[in-house]
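Participant: Model the structure of this input:
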Amino acid sequence: MSHDARHTAGQQPAWGAHVPPSPPMRRSTKRLIGLALLSGLGPPLVWFGVFLWAFAGGGTWGTQPAACSKAVSQFGAALPSGTAGEACIEVLEGGYISQWGGSFDMPRSEARAWLASLPGDRCNPACRTSPDGVTEDQYGLDLKTSRPDRRGHDVLDVRVLWTDEQHAKVTFRTYPM
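Facilitator: All right, here's what the predicted structure looks like:
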């Protein structure tokens, strides 16, 4: 019996001898391992998936016409009375928030009051010299605000150009910083 498959405690079994399998993992141990893998790998995989979706054509991209009343309401304003020649757009950026831009004509006499009523922090150091945050030059008025709303628009940039003694052309744009 020198080559017997039996062995004594503390000795390795002979080569080729039957070794009993280790006991199966408990269900709770398997769940803990799965949870650890999911919590460690889940968030990076989700971010990677969102990145691929956004940059591989997810969502809608481009521009589309929009009503100027809707566009100015996106930064918490109302279209001034007496407007004409409205031409506004919504800039669609995939799954992200839309940006807005456009132009319209309005009475020159109401332009400064409308600009001063727009929400947001006056962010341009040059505009801090005027009490309402609106700067004026020979061509018209300027206003730049930060955080005009809490919907993701970081900056509102508005320019009013004098077209004649009674009329002004307003152009605006919202965009992220």
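Participant: hang on, isn't Ser81 packed against Trp114?
Facilitator: No: here Ser81 lies out of contact with Trp114, judged by C-beta atoms under 8 Å, at a distance of 9.3 Å. Glycine gets a C-beta too; all of them are placed from N, C-alpha and C.
Participant: Have a look at those two and say which one is more surrounded.
Facilitator: Trp114 (24 against 9; other C-beta atoms under 10 Å).
Participant: Would you mind giving both backbone torsions of the more buried one?
Facilitator: phi -70, psi -40 (degrees, to the nearest 10).
Participant: switch to numbering from 33
Facilitator: Sure, I'll start numbering at 33, so the last one becomes Trp146.
Participant: who are the neighbours in contact with it?
Facilitator: Contact analysis of Trp146 by C-beta atoms under 8 Å, 6 or more residues apart in numbering lists Ala109, Pro112, Met138.
Participant: how far away is it from Met138?
Facilitator: Using C-beta to C-beta, to the nearest Å, Trp146 is found at 7 Å from Met138.
Participant: same check, this time on Pro75
Facilitator: 48 Å.
Participant: Likewise for Gln106?
Facilitator: For Gln106, the distance to Met138 - C-beta to C-beta - is 18 Å.
Participant: tell me the average confidence for stretch 50-59?
Facilitator: Taken as a whole, stretch 50-59 carries a mean pLDDT of 77.
Participant: what are the ranges of the helices in this protein?
Facilitator: Applying DSSP state H to the chain gives helices spanning 59-87, 100-105, 140-149.
Participant: Same list, these, but as a markdown table with distance to Ile121 please.
Facilitator: Output for the helices of the chain, formatted as a markdown table (distance: least, C-beta to C-beta, whole Å):
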| stretch | distance to Ile121 |
| --- | --- |
| helix 59-87 | 21 |
| helix 100-105 | 8 |
| helix 140-149 | 20 |
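Participant: Which one of Pro75 and Met138 is surrounded by more residues?
Facilitator: Per other C-beta under 10 Å, whichever of Pro75 and Met138 has more neighbours is Met138, with 20 against 10.
Participant: Dig out what the more buried one forms beta bridges with.
Facilitator: Ala200 (DSSP bridges).
Participant: just checking, it touches Phe204?
Facilitator: No: contact criterion C-beta under 8 Å: Met138 and Phe204 do not qualify, at 11.6 Å.
Participant: Now render the contacts of Trp146 as JSON lines, adding pLDDT and distance to Val166.
Facilitator: Below are these laid out as JSON lines (pLDDT from 0 to 100; distance: C-beta to C-beta, whole Å):
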{"residue": "Ala109", "pLDDT": "86", "distance to Val166": "14"}
{"residue": "Pro112", "pLDDT": "90", "distance to Val166": "14"}
{"residue": "Met138", "pLDDT": "95", "distance to Val166": "14"}
